[in-house]
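J.: Give me coordinates for this.
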Amino acid sequence: MLESWSTADDLVNNPYFQRDEVPFNLLYRICELDGATCLKSKDGMMIYAQSPGQNG
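T.: Sure, this is the predicted structure:
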């Protein structure tokens, strides 16, 4: 089961994600767009982001 997430989510603010995060994270840019699809698994181990009209 997937659920929506945003850049304010605990998912991107945990040390495991931040340890491997790149300096300019495209996920943030995509999820800031109106109409973007941003999904995560309930356990936070998988994330998906897609900008409107583009492939994920």
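
J.: where do the strands sit along this protein?
T.: 2-4, 37-41, 47-50 (DSSP state E).

J.: closest one to Leu11 among these?
T.: Nearest of those to Leu11, taken as Cβ to Cβ: strand 37-41 at 5.7 Å. (Each C-beta comes from the backbone N, C-alpha and C, glycine too.)

J.: Tell me the strands beside that closest one, with direction?
T.: strand 2-4 (antiparallel), strand 47-50 (antiparallel) (DSSP bridges).

J.: mind exporting the lowest-mean-pLDDT helix or strand in the chain as PDB, just the C-alpha atoms?
T.: Ranked by mean pLDDT, DSSP states H and E, the helix or strand of the chain with the weakest confidence is helix 15-20, at a mean of 77. Presented in PDB, the C-alpha positions along helix 15-20 are these (Å, rounded to 0.1, in the frame of the first residue of the first chain):
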ATOM      1  CA  PRO A  15      19.000  10.300   9.500                       C
ATOM      2  CA  TYR A  16      18.900   7.200   7.200                       C
ATOM      3  CA  PHE A  17      17.600   9.300   4.300                       C
ATOM      4  CA  GLN A  18      19.800  12.300   5.000                       C
ATOM      5  CA  ARG A  19      22.900  10.100   5.100                       C
ATOM      6  CA  ASP A  20      22.500   9.100   1.500                       C
END
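
J.: Going forward, the N-terminal residue is numbered 55.
T.: All set: I'll call the first residue 55, so the last point we hit is now helix 69-74.

J.: hmm, back to that, could I get the strands of the chain as a markdown table with distance to Gly110 and mean neighbour count?
T.: Listed next are these as a markdown table, based on distance: least, Cβ to Cβ, whole Å; neighbours: other Cβ atoms under 10 Å:
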| stretch | distance to Gly110 | mean neighbour count |
| --- | --- | --- |
| strand 56-58 | 12 | 11 |
| strand 91-95 | 7 | 17 |
| strand 101-104 | 4 | 16 |
